[in-house]
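Q: got a sequence here, can you model it:
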Amino acid sequence: MALEALIFDVDGTLADTERDGHRVAFNQAFVEAGLDWRWDVALYGELLAVTGGKERMRHYIDRYRPDYLKPADFETLVARLHVAKTRHYTALLGCGGIPLRPGVRRLLEEARTRGVRLAIATTTTPDNVTALLHHAISPEAASWFEVIGAGDVVVAKKPAPDIYYYVLDRLRLAPAQCMAFEDSENGLRAAQAAGLKTVITVNAYTRAHDFRGAAIVLDHLGESGRPFQVLSGYAVNGATYFDLKLLGQLQADA
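A: Sure, this is the predicted structure:
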């Protein structure tokens, strides 16, 4: 089948948002609420094994803070902290401190020029998605994406495939007509379970993940003059940056 759409994860895939974005925003929300919770870089790397911010907070308390006595309204507290975290994260984005990863904007613009549809499949909140697109690309960038599957539109988070099923259904496309872009093992497993071939761009938190079955694993998408490094798989004809030509070859070969 011909390639019709690219489906992108957000955090860690479009931009390195986790360490210096979401982690910082979570800590700001905890301080604001008078909590002694603090997620350092190493701990946050461990917490990323759990997808979804609210789920991550619950896991943190259950796994790392047995001393914490949950109040009766614990679920309300978690929801309130998540709202505050999103507010702090949006403010960080507004400062321009979280740019897109190499090659992302170039590939998005090429897809738009060539009539390839764009979509998002992520566990982060819709507000986080639109804030990143607004500040890192342009105020109109959310309109580039035909479908934005985000947050709690599905109950089961990655590695469950539900968010990809949601996006595919709204695109009215078969998995073979699309390519997914992810940065983590959970994301890859979700895409694979939905039948999608997947391009992986690792980051500092995910480089050691198990990416067996990915179409290709790269350090980033690359730019002219800033070549990517192939960590697993094969870049056809010595390609040094990711474009639709390479994508089409991967789709045919995978």
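Q: buried residues in the helix or strand bottoming out on mean pLDDT in the chain?
A: In the chain, the helix or strand scored least confidently by mean pLDDT, DSSP states H and E is helix 244-253, which has a mean of 89. Neighbour-count burial for helix 244-253, counted by 16 or more other C-beta atoms under 10 Å, picks out 244, 246-247, 249-251. C-beta coordinates here come from the backbone N, C-alpha and C atoms, glycine included.
Q: next, format those residues as TSV and append distance to Asp73.
A: Below are the buried residues of helix 244-253 laid out as TSV (distance: C-beta to C-beta, whole Å):
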residue	distance to Asp73
Leu244	50
Leu246	51
Leu247	48
Gln249	54
Leu250	49
Gln251	49
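Q: just the closest of the residues you listed to Asn27, please.
A: Asn27 lies nearest to Leu247 out of those, by C-beta to C-beta, at 37.4 Å.
Q: can you pull the contacts of the closest one?
A: If you count contacts by C-beta atoms under 8 Å, 6 or more residues apart in numbering, Leu247 has them with 3, 6, 179, 199.
Q: most surrounded residue in these?
A: Greatest neighbour count in the contacts of Leu247, by other C-beta atoms under 10 Å, goes to Val199: 28 neighbours.
Q: does Pro159 touch Ala194 like I think?
A: No - counting by C-beta atoms under 8 Å, Pro159 stays clear of Ala194, with 10.6 Å between them.
Q: out of the two, which sits in the more crowded spot?
A: Ala194 (22 against 16).
Q: phi first, then psi, for the more buried one.
A: In terms of degrees, to the nearest 10, the main-chain angles of Ala194 are phi -90, psi 0.
Q: could you point out the longest helix in the protein?
A: Ranked by number of residues, the top helix in the chain under DSSP state H is helix 74-94.
Q: what's it packed up against?
A: Using 3 or more C-beta pairs under 8 Å, 6 or more residues apart in numbering; DSSP states H and E, the elements in contact with helix 74-94 are helix 23-32, helix 53-64, helix 126-136.
Q: who's in contact with whichever helix or strand comes after that helix?
A: The helix or strand immediately downstream of helix 74-94 is helix 104-114, counting by DSSP states H and E. Residues outside helix 104-114 that contact it (C-beta under 8 Å, 6+ apart): 6, 14-15, 117-118, 137, 144, 221, 223, 241-244.
Q: now the angle from helix 104-114 to helix 244-253?
A: Relative orientation of helix 104-114 and helix 244-253, computed by axes from the mean of the first three to the mean of the last three C-alpha atoms, to 10 degrees: 80 degrees.
Q: quick revisit: mean pLDDT lowest where, among the helices and strands packed on helix 74-94?
A: Lowest mean pLDDT of the helices and strands packed on helix 74-94: helix 126-136, a mean of 92.
Q: tell me which residues in that one are buried?
A: In helix 126-136, counting by 16+ other C-beta under 10 Å, buried: 126, 128-136.
Q: beyond it, next helix or strand please.
A: Tracing the chain past helix 126-136, the next element assigned as helix or strand by DSSP H and E is strand 147-149.
Q: I am finished for the moment; much appreciated.
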